[in-house]
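J.: what's the 3D shape of this:
(one chain, ligands or ions: 1)
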Amino acid sequence: MRTLGHAVVQRRSPAIRDRVVELLRPCESGEVDFGHLMRRLPMVLAGEFMGIPERYWDDIALWAGACVAPDDPAYALGNSTAQTLRLAHHHIFACFRELVRYRRANPGEDLISVLIGITDSMSGRGKPLDDWRILLNCYSFILGANTTTPNVASHTLLALIQRPELWPLLDDEQARAGLVEEGIRWTSPTHHLVRRATADARFGDVTIRAGDWVAAWVASANRDEAVFDDPFTFDIRRSPNRHLGFGGGPHYCIGAPMSRLVLGMLFEELTRRYAAFELTGPLVHLHSNWINGLVSMPVKAIAR
Ligand code: HEM
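T.: Numbering: from 1, shown residues only. The predicted model follows:
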């Protein structure tokens, strides 16, 4: 999609960098909960591309978290898992309904305006997308961004805290690009992706029948010894790094260029300002068998 392609991502990058710098401001005080801080990182992207006013960012990040981890106390919006799920979905869809209404009256260059303007090639009748399809696209986009990018950022910083000797290498752009790819492989924020087989298939000695549900364990594939040398080592020079962190095939992550950009900027700004980070408290992992998340990661930034 041209709205999310490389050229547009590059054009929007100065605005995104300003937001990243602003986001990192709390690190200046020395101690910060990096897990919590990173919740806003995907909104820096999604807010920019979808034209979402900043006043909604923190709520949307909270609702998106509640949609995928309703059992986690950090995202409990209701008295039960079911109520949290209901409330989170209600709030997200109500918010986007409002934004779609606004963009119908005030079109811009954002993704919501683009969705309003395109015709539905799947129906074959060239009709505009109805509101429901637009809302589902917004939902998919916002969940895709929010459930992955913050966790890659936190797990990558954690890996660097555990291997401080890598930090000085990150003055180099190529090394930072390697860091981002390895951070995605290492984190594999979506533990698994589920599909339903449309035809009988055979993998090794396993037979899959048409109609079977299949869970592809991304985290396991990303540590496959047949593909990666020394897969349990965090290696920013790994080349090639053919990880499946962004999935594969027709549903390959549409946000891949954006997340590479923002994660590269994040670590550039961090390494420019700080000599190192230290953990100052216990890690709190997200309650989820799907998302490899860090809810809380208290750290101290050591100035250069
Ligand atoms: C490092 C960050 C990210 C990772 C690791 C990641 C990972 C993934 C994966 C594994 C899929 C495939 C899902 C499947 O096959 O069922 C996917 C799809 C998707 N991602 Fe991402 N994602 C990231 C960032 C983003 C961002 C920033 C956005 C939006 C701004 C985004 C939006 C989407 C969307 C809309 C899809 C669905 C694409 C489709 O079904 O055709 N992702 N992502």
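J.: how close does the residue in the stretch 201-304 of the chain that the ligand sits nearest to sit to Arg133?
T.: Of all residues in the stretch 201-304 of the chain, Gly255 sits closest to the ligand, at 2.2 Å by CB to the nearest ligand atom. All C-beta atoms are positioned from the backbone trio N, CA, C, and that covers glycine. Distance of Gly255 to Arg133, given as CB to CB, to the nearest Å: 19 Å.
J.: cool, Trp217 as well?
T.: In this structure, Trp217 and Arg133 are 31 Å apart, going by CB to CB.
J.: just to revisit the earlier point, would you check that the residue of the stretch 201-304 of the chain closest to the ligand makes contact with Leu143?
T.: No. At 10.7 Å, Gly255 and Leu143 do not qualify as touching, with contact defined as CB atoms under 8 Å.
J.: Specify which residue of those two has the higher count of neighbours.
T.: Gly255 (21 against 17; other CB atoms under 10 Å).
J.: Look up how far Ile236 lies from the more buried one.
T.: For Gly255, the distance to Ile236 - CB to CB - is 22 Å.
J.: Cys138 sits in which helix or strand?
T.: helix 131-146 (DSSP states H and E).
J.: Show me what that helix is packed against.
T.: helix 41-50, helix 57-68, helix 81-105, helix 111-117 (3 or more CB pairs under 8 Å, 6 or more residues apart in numbering; DSSP states H and E).
J.: Is the ligand within reach of it?
T.: Yes. For helix 131-146 and the ligand, the contact criterion (CB under 6 Å from any ligand atom) is met by Ser140, Phe141, Gly144, Ala145.
J.: Report the inter-axis angle for the next helix or strand after that helix versus helix 57-68.
T.: Scanning forward in sequence from helix 131-146 by DSSP H and E, the next helix or strand is helix 149-162. For helix 149-162 against helix 57-68, the angle by axes from the mean of the first three to the mean of the last three CA atoms, to 10 degrees is 90 degrees.
J.: can you give me the mean pLDDT across the helix or strand just after helix 149-162?
T.: Scanning forward in sequence from helix 149-162 by DSSP H and E, the next helix or strand is helix 173-187. Averaged across helix 173-187, the pLDDT comes to 98.
J.: between helix 173-187 and helix 149-162, how many degrees?
T.: Calculated by the same axes, to 10 degrees, helix 173-187 forms an angle of 110 degrees with helix 149-162.
J.: how about the residues of the stretch 101-250 of the chain near the ligand?
T.: 140-141, 144-145, 148-149, 152, 184, 189-190, 193, 245-247.
J.: Quick one: residues contacting Ser154.
T.: Phe34, Gly35, Met38, Leu294, Met297 (CB atoms under 8 Å, 6 or more residues apart in numbering).
J.: Export those residues to TSV and append columns for neighbour count and pLDDT.
T.: What follows is those, written out as TSV (neighbours: other CB atoms under 10 Å; pLDDT from 0 to 100):
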residue	neighbour count	pLDDT
Phe34	24	98
Gly35	26	98
Met38	23	98
Leu294	23	98
Met297	26	98
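J.: Filter these down to the ones in helices?
T.: Of those, the ones assigned to helices by DSSP state H are Phe34, Gly35.
J.: JSON lines for the residues of the stretch 101-250 of the chain next to the ligand, including neighbour count?
T.: Compiled in JSON lines, these are given as follows (neighbours: other CB atoms under 10 Å):
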{"residue": "Ser140", "neighbour count": "12"}
{"residue": "Phe141", "neighbour count": "22"}
{"residue": "Gly144", "neighbour count": "20"}
{"residue": "Ala145", "neighbour count": "28"}
{"residue": "Thr148", "neighbour count": "25"}
{"residue": "Thr149", "neighbour count": "26"}
{"residue": "Val152", "neighbour count": "25"}
{"residue": "Ile184", "neighbour count": "26"}
{"residue": "Pro189", "neighbour count": "23"}
{"residue": "Thr190", "neighbour count": "22"}
{"residue": "Leu193", "neighbour count": "17"}
{"residue": "Gly245", "neighbour count": "24"}
{"residue": "Phe246", "neighbour count": "17"}
{"residue": "Gly247", "neighbour count": "15"}
